[in-house]
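Asks: just to be clear, the model below is a prediction. Sequence and coordinates:
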Amino acid sequence: MENQIFQLQYAIDTFYFLVCGALVMWMAAGFAMLEAGLVRSKNTTEILTKNVALFAIACTMYLVSGYAIMYDGGWLLSGIEAFSMDEVLAASAENGFEGDSVYSGASDFFFQVVFVATAMSIVSGAVAERMRLWSFLVFAVVMTGFIYPMEGSWTWGGAEVFGLYNLGDLGFSDFAGSGIVHMAGAAAALAGVLLLGARKGKYGPNGEIYAIPGANLPLATLGTFILWMGWFGFNGGSVLKLGDAANAHSVAMVFLNTNAAAAGGAVAALITGRILFGKADLTMLLNGALAGLVAITAEPSTPTALQATLFGALGGILVVFSILTLDKLKIDDPVGAISVHGVVGLLGLLLVPVTNDGSSFSGQLIGAATIFVWVFAASFAVWYALKLITGIRVTEEEEQQGVDLAECGMEAYPEFMSK
């Protein structure tokens, strides 16, 4: 009987893990649509190419080296071992069919690899419209195969930071990755943007800021809804189990709080935009919803639904002011990725101790600093090396023409282009 119960739980937990991983994979489509909608039409094909290619690169590099670095303490992984059911049962019988997780190693890898791709997708939008495609893809190889797995080994992997300190012992907690995934992606993006510079015509010589509207706001809205949906897998899957009453309840609370935070962020950003601009700004509304999702990702299981709504609202307000501040600093981020995922990612980490007494503010600050410093410094070094060796920015003529033709040789909307 115990054996049969275990097999049922194993099947439920593994299936749940895989479905959540598929939802997170679907977020790749959300990022692609969001970014394609917020860039100009002449750069659409290239942004779509980047999003498909980076996902494929992330999956390959995490298999080759990333997973081993993050969890096994090694450097290379020839493949995930396939165990027979008899072997699974024998191993589980040794500990009385108990353990922290009851799912297959293959499903664990699948769930983790889509998180890596998410971190890299954040970089894509921030450097849009002026970065060389192949320089970006080379960076994606290093980011997903080494930079992200290293900081992941110190956080979710439980390894000491260069042998100096253990973040878990300091009270650091990041349930689903506000810092580990989102802030890490934003740190890599910031390093690239600082070396890349702003798009031509974005800033005037006397401090003027000129808006460069996206080409397709319906597409950007669709992308936001896809991300909102995928986030249920992102946060819900991070519970890791479903096959018992306690974990099923936790999953339900995570889904509830994830949705509540997104709604709170959207409403707060909409109202903030109305106060500041006198209009209902759709782009701020979309980023507000995403900011609410990022804010709750660090700890979606312990707040009440009302607290989650308030946490999301804080993220929605903060992201509006962050986007405006970065513009004043002439840090050109076409989609607001650094603000949504970086600034609000930090907020999410700092909100954890409010409802989770297993964490501490000092631990969250040290963890955030560790993630940011490592990812920013390592990314800056890679971006700078690429800038010296191959260049990272297209020519002014190519930027004016659009990177679709310069990098991909085709237009996304050829029938609408002037000849």
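Replies: In hand now; what should we look at? Numbering: from 1, shown residues only.

Asks: all helices for the stretch 201-350 of the chain, in order.
Replies: In the stretch 201-350 of the chain, the helices defined using DSSP state H, counting those that start in this stretch lie at 217-236, 245-277, 282-297, 305-328, 337, 344-355.

Asks: could you do the stretch 1-150 of the chain as well?
Replies: Going by DSSP H, counting those that start in this stretch, the stretch 1-150 of the chain shows helices at 2-38, 44-61, 67, 85-94, 105-126, 133-142, 148-154.

Asks: re the thing from before, as TSV, the helices of the stretch 201-350 of the chain with mean pLDDT would be great.
Replies: Shown next, in TSV, are those (pLDDT from 0 to 100):
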stretch	mean pLDDT
helix 217-236	98
helix 245-277	97
helix 282-297	98
helix 305-328	98
helix 337	98
helix 344-355	98
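
Asks: coming back round to it: output the helices of the stretch 1-150 of the chain in JSON lines; the columns should cover mean neighbour count and distance to residue 306.
Replies: In this view, the C-beta of every residue, glycine as well, is placed from N, C-alpha and C. What follows is the helices of the stretch 1-150 of the chain, written out as JSON lines (neighbours: other Cβ atoms under 10 Å; distance: least, Cβ to Cβ, whole Å):
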{"stretch": "helix 2-38", "mean neighbour count": "20", "distance to residue 306": "25"}
{"stretch": "helix 44-61", "mean neighbour count": "21", "distance to residue 306": "36"}
{"stretch": "helix 67", "mean neighbour count": "24", "distance to residue 306": "38"}
{"stretch": "helix 85-94", "mean neighbour count": "12", "distance to residue 306": "40"}
{"stretch": "helix 105-126", "mean neighbour count": "24", "distance to residue 306": "28"}
{"stretch": "helix 133-142", "mean neighbour count": "20", "distance to residue 306": "40"}
{"stretch": "helix 148-154", "mean neighbour count": "24", "distance to residue 306": "32"}
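
Asks: which of those comes out lowest on mean pLDDT?
Replies: Ranked by mean pLDDT, these bottom out at helix 85-94, which scores a mean of 55.

Asks: of the helices of the stretch 201-350 of the chain, which is nearest residue 56?
Replies: Minimum separation from residue 56 across these (Cβ to Cβ) falls at helix 217-236, 18.0 Å.

Asks: who's in contact with residue 301?
Replies: Residues near residue 301 by Cβ atoms under 8 Å, 6 or more residues apart in numbering: 175, 239, 250, 253-254, 257.

Asks: in JSON lines: the helices of the stretch 201-350 of the chain, plus mean neighbour count and distance to residue 374.
Replies: Shown next, in JSON lines, are the helices of the stretch 201-350 of the chain (neighbours: other Cβ under 10 Å; distance: least, Cβ to Cβ, whole Å):
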{"stretch": "helix 217-236", "mean neighbour count": "21", "distance to residue 374": "22"}
{"stretch": "helix 245-277", "mean neighbour count": "20", "distance to residue 374": "27"}
{"stretch": "helix 282-297", "mean neighbour count": "30", "distance to residue 374": "20"}
{"stretch": "helix 305-328", "mean neighbour count": "22", "distance to residue 374": "22"}
{"stretch": "helix 337", "mean neighbour count": "29", "distance to residue 374": "19"}
{"stretch": "helix 344-355", "mean neighbour count": "24", "distance to residue 374": "15"}
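
Asks: this completes my enquiry, with thanks.
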